[in-house]
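Participant: Got a predicted structure here, sequence first:
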Amino acid sequence: MSRPIVTLTLLEIQAKLGGDLVGDGSVSISAIAPLADAVAGQISFLSQRKYAPLLATTQATALILPMEAAGHFPRPHILTANPYLYFARVSQLLNPVVIPDPRIHPTAVISSTAKIGRNAVIHAGVVIGDDVCIGDDALIYPNVTIYHDCHIGDRVVLHAGVVIGADGFGNAKDGDAWIKIPQIGRVVMGDDVEVGANTCIDRGALEDTVIGNGVKIDDQIMIGHNCRIGDHTAIAACAGIAGSTIIGKRCLVGGAAMFSGHIEITDDVQISGGSAIIKNIKKPGQYTGVFPSLSHVDWLHVAANLRNLDSLSRKVQALEAQIQSLTQPKTGD
Amino acid sequence: MSRPIVTLTLLEIQAKLGGDLVGDGSVSISAIAPLADAVAGQISFLSQRKYAPLLATTQATALILPMEAAGHFPRPHILTANPYLYFARVSQLLNPVVIPDPRIHPTAVISSTAKIGRNAVIHAGVVIGDDVCIGDDALIYPNVTIYHDCHIGDRVVLHAGVVIGADGFGNAKDGDAWIKIPQIGRVVMGDDVEVGANTCIDRGALEDTVIGNGVKIDDQIMIGHNCRIGDHTAIAACAGIAGSTIIGKRCLVGGAAMFSGHIEITDDVQISGGSAIIKNIKKPGQYTGVFPSLSHVDWLHVAANLRNLDSLSRKVQALEAQIQSLTQPKTGD
Amino acid sequence: MSRPIVTLTLLEIQAKLGGDLVGDGSVSISAIAPLADAVAGQISFLSQRKYAPLLATTQATALILPMEAAGHFPRPHILTANPYLYFARVSQLLNPVVIPDPRIHPTAVISSTAKIGRNAVIHAGVVIGDDVCIGDDALIYPNVTIYHDCHIGDRVVLHAGVVIGADGFGNAKDGDAWIKIPQIGRVVMGDDVEVGANTCIDRGALEDTVIGNGVKIDDQIMIGHNCRIGDHTAIAACAGIAGSTIIGKRCLVGGAAMFSGHIEITDDVQISGGSAIIKNIKKPGQYTGVFPSLSHVDWLHVAANLRNLDSLSRKVQALEAQIQSLTQPKTGD
């Protein structure tokens, strides 16, 4: 089964998605491509001003342009306030998700007590535990595992290898040994969440791990037990979020960022990739904690000095005191 | 198949787990919950002094309390030296692992030369290679892969997506190209190990990769070939341990910590989350190496200064020399 | 099916792999082992001078030695310019990959439009999407998922749990919500690539994600959409490479290194493990950016000073100015 080709006229696109159509709306569009690569029959878009020179040479049949480009392009185009968003929507029209037939692959292993929503797609090798609830139009790629009792919202996409609801990391010390604390919470995931390949979200210890609506989670991420992630937060690949951490709404978490457990990040925080967040963040804004990379030889010097930073700081204090005694009139003068 | 509900009287709990029973032992308990959330029929526990005020308002039918709380709580309770550990054990009683029937799922693919221990549970989609040995009462969740010849101890739990015994990363240079070095060691895992979702432990190159007894390994961790992890060490999520590294007994490795290869960490070491360990650690204690996160603007300044730390250090040395020449009597005076 | 034992005479080995045979070529060799562990019937090798003392005591029947060792070892040996490489090749002879029968496991789910190369091995639980092309002699371990349209070269090895071609992380903002950008590129992987367990390589957004020939990728790695990795680059475990990053040929990327997106790394760069690379690297060489680990108490001091580094730097500047005014003759003197 190969991908289907969808062909729409520019007028049909505008009828579905809005925007101001300029020029011949009857041209046929069957694919989307960057300005430099587009050929006849394709639509392209201008989302950043720096690419504007490519408008002169692109072979695209039609374009998605920002309002301020009105009147500058002779070929058919659509003017819109947000060409990048419009591009996303056009691409969705031209590249619909291919729905397999049957929707639920015969090799998927689904508990008889699980509830699967209308039109949900479950690919090969997926394993779904007891009493799991999967929302309508969910799309579960191959080899995903969902443990018992978890709740997956409508239109959620789980990519291959994702594990939802494995036990959180909870143990109590008994002498040298660790005694397992049963993880009896669930993972409760809102609607319109997407989770990238091989990401794990652990079930709660006593309460639930909660993923808000519209949260976007990239590949190879780990979200620990009892975490709560606010609506529309996006988390880039390889991030690790330790247990009981709360992240607010509309946050952006860069790749490979890590969060200590039991901390709270307010709404609208941006964390730069690779940063380690070990304390609460109460104020929106961007936060960073990355050792800048240097040539290895330079790093050796910087690292050696860094280890002695406390002593350097005390030396400067001592110097300040000495200078002060040199420049101030002596007592009794 | 939904989770079974286990109901025990407080007296039955105490008979199994010990502790001092105070009050009516005939009350029925069927779940465990935090102090703030517990309702009638549930047991709760006080593991940290800061939660003591909740004892006045909790709706729990019974409690697990530290010895020093004796006489302070009117409702039925059990006094114990370690309420957190007692909580773990009560929770195990109330939340037994659900054993599927049959224990070995028909979709599991198990080599005819593998040996599976008594009462081991093997979930759907698990693949077990030639001559693998799985211990008694092991619990292997869905979509786990265990390569040939590996040894998994008794009562080991492997969560979904775990890969045991894939080839270590061994290649020899031949001009520009890499020539693969066959990885002919095994993974040998002791008893009572738990491994979190999507974690990989690679087989040894020539010798074995060895995981001690009672080691607890969280999700999304990578342990390279020839590593040896000492008994009862716990490793939090997203840690990466490069090949041939030896970690001692009873260590605690924080999340996203990384270890260079061919290093040795002694017993009873704690590594803070996000730290990069690139040298041997010979002394027990806590070690940390994390760039503190700052507002992005502050970070820009700190990072710029950090790059110039070597020059800053030399400036301070020069200043010290100048001050010394200013404050010391001139030669010849 | 247990591993077969291959037995070769030293002469047969030399006939296949070259090198100078010294001594009795008729001795039988059936395994390879380190100098310290080797027993009769085994071959060992000297790849680092520091192990030379073990030559006096090793029980190996034969040895692989560097040219400069000529005349120093009485037992049969082969002299070669690169004993480590020779060891890799001998080990390949003695430890051939076990080919299952049938080559394609009946539980693998392979689209009818996928093309599978000659002699390719596809293990249990593998899922291969529409129009995927798998090269000759490819070796796909259990529970791998390959999404539609991806191209896998000849002799590629994909370890268990690998996901090739999941959607890249592309979303456009629509108010608070994220609108998915369909990921319509592919993953195109050259020949002789090896990919470690649970690694993910995402498909391109509009263009392809490209992995060059002979690239070696360890476990638990994430390579984002549109990345291009040059031939013969090796990437150690837990590395994360954000989207649209280009890495040159023959690079070495240490474990847990992370790369921001949209940057370019030239050929022949070595990145130390744990480093965060956030800018282009235009010059070959080794780069490092790791906070050195310290005892936790020392770290607390260093981290506190690090936060104040900007102020420390300004203090030093002020001191320099003060000293200068003290040591220079006053204007007007």
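Facilitator: Everything's here; your move.

Participant: Please count neighbours and contacts with C-alpha atoms only from this point.
Facilitator: Noted.

Participant: Now the residue in the stretch 201-333 of chain A positioned nearest to chain C. Nearest residue, chain neighbours left out?
Facilitator: Ranking the residues of the stretch 201-333 of chain A by distance to chain C (Cα to the nearest Cα) places A:S293 first, at 3.8 Å. Residue nearest to A:S293 in three dimensions, not counting chain neighbours: C:G289, with 3.8 Å by Cα to Cα, 6 or more residues apart in numbering or on different chains.

Participant: ok, that neighbour touching C:S275?
Facilitator: Yes. The pair C:G289 / C:S275 is scored as a contact, 4.5 Å apart, by Cα atoms under 8 Å.

Participant: shared neighbours of those two, anything?
Facilitator: Common neighbours of C:G289 and C:S275 (criterion: Cα atoms under 8 Å, 6 or more residues apart in numbering or on different chains): A:F291, A:S293.

Participant: Could you pull up phi and psi at the nearest residue to A:V215 once chain neighbours are set aside?
Facilitator: Closest residue to A:V215 apart from its sequence neighbours, by Cα to Cα, 6+ apart: A:H232 at 4.4 Å. Dihedral angles of A:H232 (phi, psi; degrees, to the nearest 10) stand at phi 70, psi 10.

Participant: For A:H232, grab the count of nearby residues.
Facilitator: 25 (other Cα atoms under 10 Å in any protein chain shown).

Participant: ok, it - contacts?
Facilitator: A:H232 touches A:G212, A:N213, A:G214, A:V215, A:K216, A:K249, A:R250, A:C251, C:D176, C:A177, C:W178, counting by Cα under 8 Å, 6+ apart.

Participant: cool, and A:I128?
Facilitator: Per Cα under 8 Å, 6+ apart, neighbours of A:I128: A:A108, A:V109, A:I110, A:S111, A:A114, A:T145, A:I146, A:Y147, A:H148.

Participant: and if you look at A:E207?
Facilitator: A:I184, A:G185, A:R186, A:N226.

Participant: ok, the third one - how many residues close by?
Facilitator: A:R186 is flanked by 27 other residues according to other Cα under 10 Å.

Participant: Is it correct that it is in contact with A:D149?
Facilitator: Yes. With contacts defined as Cα under 8 Å, A:R186 counts as touching A:D149 at a distance of 6.2 Å.

Participant: one step back: out of the contacts of A:I128, which are inside strands?
Facilitator: A:V109, A:I110, A:T145, A:I146 (DSSP state E).

Participant: Please tell me the pLDDT value assigned to the closest residue to the second one other than its chain neighbours.
Facilitator: Read it as A:I110. In space, and not counting its chain neighbours, A:I110 is closest to A:I128: 4.7 Å by Cα to Cα, 6+ apart. Model confidence at A:I128, expressed as pLDDT, equals 98.

Participant: Provide the partner residues of A:I128 in its beta bridges.
Facilitator: When assigned by DSSP bridges, A:I128 has beta-bridge partners A:I110, A:I146.

Participant: picking up where we left off before, going through the ones in strands among the contacts of A:I128, which ones are buried?
Facilitator: For these, a burial check counting by 16 or more other Cα atoms under 10 Å in any protein chain shown picks out A:V109, A:I110, A:T145, A:I146.

Participant: Would you tell me which one of those comes nearest to C:L94?
Facilitator: Proximity of those to C:L94 (Cα to Cα) peaks at A:T145, which lies at 37.7 Å.

Participant: Going by the annotation, which residue ranges form each domain of chain A?
Facilitator: A:8-94, A:109-287, A:296-327 (automatic domain parsing).

Participant: Ends of the longest one, what's the gap?
Facilitator: Okay, so that is domain A:109-287. 43 Å (Cα to Cα, to the nearest Å).

Participant: try the shortest one
Facilitator: One end of domain A:296-327 to the other measures 42 Å (Cα to Cα).

Participant: For it, buried residues please.
Facilitator: Those buried within domain A:296-327 under the rule 16+ other Cα under 10 Å are A:296, A:298-300, A:302-303, A:305-307, A:309-310, A:312-313, A:315-316, A:319-320, A:323.

Participant: Check those residues one by one and keep those near chain C.
Facilitator: A:H296, A:W299, A:A303, A:L306, A:R307, A:L309, A:D310, A:S313, A:V316, A:L319, A:E320, A:I323 (Cα under 8 Å from any Cα of the partner chain).

Participant: okay, those residues in a markdown table with pLDDT next?
Facilitator: Below are those laid out as a markdown table (pLDDT from 0 to 100):
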| residue | pLDDT |
| --- | --- |
| A:H296 | 97 |
| A:W299 | 96 |
| A:A303 | 96 |
| A:L306 | 95 |
| A:R307 | 94 |
| A:L309 | 94 |
| A:D310 | 91 |
| A:S313 | 94 |
| A:V316 | 93 |
| A:L319 | 92 |
| A:E320 | 91 |
| A:I323 | 89 |
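
Participant: Look up how far C:Q322 lies from A:E320.
Facilitator: 10 Å.

Participant: A:I271 too?
Facilitator: A:I271 is 40 Å from C:Q322, by Cα to Cα.

Participant: can you check A:G274 too?
Facilitator: With Cα to Cα as the criterion, A:G274 and C:Q322 are 40 Å apart.

Participant: same check, this time on A:G125
Facilitator: 73 Å.

Participant: What residues does the stretch 1-150 of chain A have near chain B?
Facilitator: Proximity of the stretch 1-150 of chain A to chain B (Cα under 8 Å from any Cα) is limited to residues A:V109, A:S111, A:S112, A:T113, A:G125, A:V127, A:D130, A:D131, A:N143, A:T145.

Participant: from the residues you listed, which are also near chain C?
Facilitator: Checking the residues of the stretch 1-150 of chain A next to chain B against chain C (Cα under 8 Å from any Cα), the matches are A:G125, A:N143.

Participant: For the residues of the stretch 1-150 of chain A next to chain B, which ChimeraX command selects only the ones that are buried?
Facilitator: Command for ChimeraX that selects the buried part of the residues of the stretch 1-150 of chain A next to chain B, burial taken from 16+ other Cα under 10 Å:
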select /A:109,111,113,125,127,130,131,143,145
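
Participant: now for the residues of the stretch 1-150 of chain A next to chain B, which pair is the farthest apart?
Facilitator: A:T113 and A:N143, at 19.7 Å, using Cα to Cα across the residues of the stretch 1-150 of chain A next to chain B.

Participant: contacting residues for the residue of the stretch 101-250 of chain A found nearest chain B?
Facilitator: At 4.7 Å from chain B, A:I181 is the closest residue in the stretch 101-250 of chain A, using Cα to the nearest Cα. Listed by Cα under 8 Å, 6+ apart, the contact set of A:I181 reads A:G170, A:N171, A:A172, A:A205, B:F87, B:A88, B:R89, B:S91, B:Q92.

Participant: now swap in A:L10 and tell me
Facilitator: Contacts of A:L10 by Cα under 8 Å, 6+ apart are A:L21, A:D24, A:G25, A:S26, A:V27, A:S28, A:I29, A:A62, A:H77.

Participant: how about 10 Å then?
Facilitator: A:16, A:21-29, A:43, A:61-63, A:76-78 (Cα atoms under 10 Å, 6 or more residues apart in numbering or on different chains).

Participant: Now do the helix or strand of chain A with the lowest mean pLDDT: everything it contacts.
Facilitator: Ranking every helix and strand in chain A by mean pLDDT, DSSP states H and E puts helix A:309-327 at the bottom, with a mean of 90. By Cα under 10 Å, 6+ apart, the residues outside helix A:309-327 that reach it are A:303, A:305-306, A:331, B:309, B:312-313, B:316-317, B:319-320, B:323-324, B:326-327, C:298-306, C:308-309, C:312-313, C:315-316, C:318-319, C:322-323, C:326.
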